[in-house]
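Trainee: Kindly return the folded structure for what I paste below:
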Amino acid sequence: MTRYAGGPAESPGFLLWHVTLRWQRAVTAALAPLDLTHVQFVLLACTWWLTEQGHTPNQQDLATQAGTDIKMTSQVLKTLESKGLLERHPSPTDARAKTVHPTPTGKSLARQAITLVESTDESFFTPINTPSLLTTLTALTEP
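Mentor: Below you'll find the predicted structure:
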């Protein structure tokens, strides 16, 4: 049994799942010409953003910023490094950590990808984009 008389079509979680899948497909399609997966984009963009803000992020900083698992983050960063989009160096303050720096190519691609993803977001969310939508989404991200 379900509490929703109309079944899954009335379940907020089920609807959010479907919206998320539709949005992810749109972002994936936008990033395909750049040869970036969605998670590669997120980690490259986070690296670029934190660096632009004057930080020297390590892998843990990036995982925290992106909301990703640290082991998966490490694997994706290795892929981005092999593509020549970022470099990882031993941290001068923590022998166990590696700092992450976008290469010039990575910075350029991050800016290009951010523009594409923001355009995709604008197209996707325009019909429902209101201040209350951002307030609701922000509230849902809080623990």
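
Trainee: does residue 133 sit in a helix, a strand or a coil?
Mentor: helix (DSSP: H, G, I helix; E, B strand; the rest coil).

Trainee: any idea how far it lies from residue 35?
Mentor: Relative to residue 35, residue 133 is positioned 31 Å away (CB to CB, to the nearest Å). Quick note: C-beta positions are derived from backbone N, CA and C, even for glycine.

Trainee: same thing with residue 80?
Mentor: Residue 80 is 11 Å from residue 35, by CB to CB.

Trainee: Same check on residue 139?
Mentor: Counting by CB to CB - residue 139 and residue 35 are separated by 35 Å.

Trainee: what's the residue nearest to the spatial centre of the chain sitting at in phi/psi?
Mentor: What sits nearest the mean C-alpha location of the chain, by CA atoms, centre = their mean, is residue 42, with 2.9 Å. In terms of degrees, to the nearest 10, the main-chain angles of residue 42 are phi -60, psi -50.

Trainee: Next up, the contacts around it.
Mentor: Contact analysis of residue 42 by CB atoms under 8 Å, 6 or more residues apart in numbering lists 66, 68.

Trainee: And the pLDDT at it?
Mentor: Looking at residue 42, its pLDDT is 98.

Trainee: State the distance from it to residue 110.
Mentor: 10 Å.

Trainee: Quick check: mean pLDDT of stretch 19-37?
Mentor: Throughout stretch 19-37, pLDDT has a mean value of 97.

Trainee: which stretches of the protein form strands?
Mentor: 86-90, 98-102 (DSSP state E).

Trainee: which other helices and strands contact the first one?
Mentor: In this case it means strand 86-90. helix 70-82, strand 98-102 (3 or more CB pairs under 8 Å, 6 or more residues apart in numbering; DSSP states H and E).

Trainee: what angle separates it from helix 70-82?
Mentor: Here the directions of strand 86-90 and helix 70-82 differ by 120 degrees (axes from the mean of the first three to the mean of the last three CA atoms, to 10 degrees).
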